[in-house]
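Asks: A predicted structure for the sequence below; I have some questions about it.
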Amino acid sequence: MVVGICVGETSLAEVTFISDKMPKVGEYVTIEYDGKKVLGMIENLIRGNDALNVDINDFKAIQKISKIGVEDNYIRGKVKILGDVNDNLKLPRTPALPGTEIRLADKDVLEEIFKVKNPIKLGTLVNQRDVNVNVEANPILSRHLAILAMTGAGKSNTVSVLIDQLLGYSIPIFVFDMHGEYKDAIFPNGEVNIIKPKINPLYMNFYEIKKLVNIGGNSFIQERHFRRAFKQAKKMLSDGVAHTNNFLQIIYDILEEDSQVEGSDKQIVDVMNKIDDSMDRYSNLFDNNIGNILSNIKKAHANVLDLSQVDESVASVLVSHILRNSLQRSKDAAHSGNKKDLLDNSVFFILEEAHILAPNRRESDSKRWIQRVAREGRKFGLGLCLVSQSPKTVDHDALSQMNNMIILRLVEPEDQRHVQSASESLSQDLVNQLPSLNVGEAIVLGLMSKVPTLVKIDEFKGRRHGDDMDIVSYFADIKQKEAEEIKRLEQETLDMGYDY
């Protein structure tokens, strides 16, 4: 089906066309010239009428012209060139000839485009629901992914579809679940393994604990006192002679005993005060009866760390601890030269509420380790997926390392600009489409897909939390039950012979 004809000057990147029928933004087209069959995507459309141009300022004249008819209407569009269908989608070396017809891409061509080695089925084309959209799994796992959307656009459903598809390959997935959406999920392709938000202090290094206690880098005397007590507390735990499971309390008690020695340094009390403050904030974090948190990860499972009951500071500690240990473990496996050990340590991390864990305008330990894994993880089998409903507040450095993106509806201009600045392949024309996407529709781009794609994401077939609450029905149901109870009591009163 012919949708237009190339006009004006054409280039290797795009062509302009004129049409007498209205195609749709996001549709794929083919242009045949010089023995090539070039695939393109319609990225921009405008409608105009030469007789009704902006230079006419007489309203009555415009009324008369518009009543004549719409024969002079035209449709002008822009097609982004994606590559030669017959040459592995390599960009052509010559531009299309003006006057060349532009046709809608055949279903067979599109199905070939979305045929990949290790498919992850995300959904179907927005404009051709009979064409499945498959993306390649390995680039997601090794080159990272961002899933971005405004609230209610279908972000959680997209994450669930992705998790279920990856479980089909037995990929070990680790979800930092900020709101408890996935802890009770039922995935058709795998099971959920709940991990408690607890850390055994024996597996934490000195600098992690020092950071918790808020001893600054220039507090050398305080650090010396704290280091000595830290080492003694670790030994007491490993020897099984500690009187409590609270690691910070053990350190505090050691320092308190030291402070009572005549002539002791007064800064010991300053360290004790900082520990006392930290115990209030991190009282439920430690458990010296559990193993290394990474040893709880199960292959072929969605390993869910439920962070719904902890505050942001504890979540940041857990994220940084897990990512740091995971990266170190994978580096050790890589340096051993055993590729099997390296692959056995591979994990795909999904971070919900990435704008909290990797904020754009303030520093945090979790942000630092997210950046590290984003930069180095692909060398060591660690994948990262940042999920956020507030892209503009996600750290730009981490976001720019996400070589794949699934972007659902985004309305706020600052969100759009922040995402575009972090992605080389997100054109302004595609950005302009973001506010008009319907729920569950997304722009998919990056190394996982041969071409940018407008996708209708599949509806997740399992069960999870995270849908909008039906508040109106809840309170209406309460009101109805109250009315029924009043009616019942009135009837009981009448039956007993009383009258009002």
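Replies: Sure thing, it's come through.
Asks: which parts of the stretch 351-500 of the chain are strands?
Replies: Residue ranges of the strands in the stretch 351-500 of the chain, as given by DSSP state E, counting those that start in this stretch, are 382-388, 404-407, 441-446, 453-457.
Asks: between the third one and strand 453-457, how big is the angle?
Replies: Spelled out, that is strand 441-446. 130 degrees (axes from the mean of the first three to the mean of the last three Cα atoms, to 10 degrees).
Asks: direction included, what does strand 441-446 pair against?
Replies: strand 404-407 (antiparallel), strand 453-457 (antiparallel) (DSSP bridges).
Asks: contacts only, for the closest residue to E256 other than its chain neighbours.
Replies: Nearest non-adjacent residue to E256, counting by Cβ to Cβ, 6 or more residues apart in numbering: M272, 6.2 Å away. Just so you know, the C-beta spots here come from the backbone N, C-alpha and C atoms, and that holds for glycine as well. Contact analysis of M272 by Cβ atoms under 8 Å, 6 or more residues apart in numbering lists Y252, L255, E256, S259.
Asks: pull out the buried residues from the helix or strand where the second one lies.
Replies: The reference is to L255. In the assignment (DSSP states H and E), L255 maps to helix 247-259. Buried residues in helix 247-259, counting neighbours by 16 or more other Cβ atoms under 10 Å, are found at F247, L248, Q249, I250, I251, Y252, D253, I254, L255, D258, S259.
Asks: so what's L445 up against?
Replies: Taking Cβ under 8 Å, 6+ apart, one finds N404, M405, I407, S423, S425, L426, L430, P452, T453 in contact with L445.
Asks: circling back: that's a helix at the residue nearest to E256, yeah?
Replies: Yes: counting by DSSP: H, G, I helix; E, B strand; the rest coil, M272 falls inside a helix.
Asks: and the gap between it and V317?
Replies: Using Cβ to Cβ, to the nearest Å, we find M272 at a distance of 21 Å from V317.
Asks: tell me which helix or strand in this structure has the weakest average pLDDT.
Replies: helix 59-68 (a mean of 63; mean pLDDT, DSSP states H and E).
Asks: mind checking what helix or strand follows that one in sequence?
Replies: Defined by DSSP H and E, the subsequent element after helix 59-68 is strand 73-84.
Asks: which is the next helix or strand following that next one?
Replies: strand 101-104.
Asks: can you list contacts of the following helix or strand past that following strand?
Replies: With elements assigned by DSSP H and E, the helix or strand that comes after strand 101-104 is helix 107-113. Helix 107-113 is contacted from outside by Y28, T30, L39, V85, L89, L125, Q128, D130, V131, N132, K450, V451, using Cβ under 8 Å, 6+ apart.
Asks: find the nearest non-adjacent residue to K234, please.
Replies: L202 (6.6 Å).
Asks: OK, contacts around the nearest residue to L97 once chain neighbours are set aside?
Replies: Closest residue in space to L97, ignoring its immediate chain neighbours: Y33 at 5.3 Å, by Cβ to Cβ, 6+ apart. Neighbouring residues of Y33 by Cβ under 8 Å, 6+ apart: T94, A96, L97, T100.
Asks: identify the residue nearest the last one in space, chain neighbours excluded?
Replies: The reference is to T100. C6 is the one closest to T100 (Cβ to Cβ, 6+ apart), at 4.6 Å.
Asks: try the first one
Replies: Spatial nearest neighbour of T94, excluding adjacent residues (Cβ to Cβ, 6+ apart): D34 at 5.6 Å.
Asks: could you check how far that neighbour is from R227?
Replies: Taking Cβ to Cβ, one finds D34 at 72 Å from R227.
Asks: G381 now?
Replies: Taking Cβ to Cβ, one finds G381 at 34 Å from R227.
Asks: and what of R409?
Replies: In terms of Cβ to Cβ, R409 sits 51 Å off from R227.
Asks: and those two? Which one has more around it.
Replies: Legend: neighbour count by other Cβ atoms under 10 Å for R409 and R227, higher for R409 (23 against 14).
Asks: tell me the mean pLDDT for stretch 147-163?
Replies: Mean per-residue pLDDT for stretch 147-163: 95.
Asks: now swap in stretch 433-451 and tell me
Replies: Rounded mean pLDDT across stretch 433-451 is 95.
Asks: how far does that stretch stretch from one end to the other?
Replies: 16 Å (Cα to Cα, to the nearest Å).
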